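[1] Here is my input; please provide its structure:
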Amino acid sequence: MADFRPFMSPFQLSEFIKSYPVFGYNLGTERSIKCKLPVDRQVAGVGVAEKVCAFLMLLPSAYMQSMSSFVAQNYGARKMERARKALWYGIISSLAAGIVIGGITFFRGDFLAGIFAKDMTIITAASEYLKAYAVDCVLTAFLFCFIGFFNGCGRTAFVMLQGTAGACLVRIPVSYFMSRQIPVSLFHIGLATPCSTIVQIVLCLWYYSVFIKKPVI
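    Have a look, this model is predicted:
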């Protein structure tokens, strides 16, 4: 039986880094930064917005998992041309869906937040945060498909490194910087997420350009 530990260990470590408060400082630190906001309703609005975001990420996550499975089959069969086509077709179709979801999130974030809250102050705060997250709905069409592609090719170490770099070197510093601006804006704090995604996409494009030049072993 094949030993999958070399492939799974980086993925498991990545999840540990993102979830464990001492090493991750991802969601935990970002939430503590947001808690510096002067109004408790705004903090509650962030919590509601994060529930909406979790729901919005179901489609990109499905693309990522499907991409990983399909690419793994073709990579194992040494059919990299099919794997590359799947990547770009996946990005195009995911992008189309992401534009629609992003548009709804940007213009009707109040409606989405209203599913989880009834207080108009909380809904308004959540809607402001979701306007920034709407940009990420479009960008994840690229990022999640790339992650699925690299996972399918067994490049889980790179996936771990680019995810950790995006969280620790971009998302957290940008969140902290925006939280120090006066007046504090949930929209500006929320921009940390798409900023991180852009950097991760650049890393993925760079690694993809290097990876495709190597022969399949």
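[2] Next, the buried residues of stretch 193-202.
    Buried residues in stretch 193-202, defined by neighbour count with 16 or more other CB atoms under 10 Å: T193, P194, C195, S196, T197, I198, V199, Q200, I201. (Glycine included, C-beta is placed from N, CA and C.)
[3] Tell me which of the residues you listed fall in helices.
    If you go by DSSP state H, the buried residues of stretch 193-202 have T193, P194, C195, S196, T197, I198, V199, Q200, I201 in helices.
[4] check contacts around the fifth one.
    Shown here is T197, whose contacts under the criterion CB atoms under 8 Å, 6 or more residues apart in numbering are D136, L139, T140, L143, G166.
[5] Check the last one too.
    The neighbourhood of I201, defined by CB under 8 Å, 6+ apart, consists of L139, F142, L143, F146.
[6] sec struct for V184, please.
    Three-state assignment for V184 (DSSP: H, G, I helix; E, B strand; the rest coil): coil.
[7] circling back: would JSON lines of the ones in helices among the buried residues of stretch 193-202 with pLDDT be doable?
    Putting those into JSON lines (pLDDT from 0 to 100) gives the following:
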{"residue": "T193", "pLDDT": "91"}
{"residue": "P194", "pLDDT": "94"}
{"residue": "C195", "pLDDT": "94"}
{"residue": "S196", "pLDDT": "94"}
{"residue": "T197", "pLDDT": "95"}
{"residue": "I198", "pLDDT": "96"}
{"residue": "V199", "pLDDT": "96"}
{"residue": "Q200", "pLDDT": "96"}
{"residue": "I201", "pLDDT": "97"}
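[8] so which strand or helix has the closest residue to Y63 other than its chain neighbours?
    Take Y63 and drop its neighbours on the chain: the residue closest to it by CB to CB, 6 or more residues apart in numbering is S94, 4.8 Å away. Using DSSP states H and E, S94 falls within helix 80-107.
[9] Who are the packing partners of that helix?
    helix 40-56, helix 58-76, helix 120-152 (3 or more CB pairs under 8 Å, 6 or more residues apart in numbering; DSSP states H and E).
[10] worst-scoring helix or strand of the protein, pLDDT-wise?
    helix 27-34 (a mean of 46; mean pLDDT, DSSP states H and E).
[11] are any of the contacts of I201 buried, and which?
    Among the contacts of I201, those classed as buried by 16+ other CB under 10 Å are L139, F142, L143, F146.
[12] number of nearby residues for I212?
    For I212, the count of nearby residues is 11 (other CB atoms under 10 Å).
[13] picking that back up, which of the buried residues of stretch 193-202 lies closest to T156?
    Ranked by distance to T156 (CB to CB), these are led by Q200 at 14.8 Å.
[14] close enough to count as contact, the closest one and L143?
    Yes: Q200 lies in contact with L143 (CB atoms under 8 Å); the separation is 5.5 Å.
[15] one step back: as JSON lines, the ones in helices among the buried residues of stretch 193-202 with distance to C153 would be great.
    As requested, these are exported to JSON lines (distance: CB to CB, whole Å):
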{"residue": "T193", "distance to C153": "26"}
{"residue": "P194", "distance to C153": "26"}
{"residue": "C195", "distance to C153": "27"}
{"residue": "S196", "distance to C153": "23"}
{"residue": "T197", "distance to C153": "21"}
{"residue": "I198", "distance to C153": "23"}
{"residue": "V199", "distance to C153": "21"}
{"residue": "Q200", "distance to C153": "17"}
{"residue": "I201", "distance to C153": "17"}
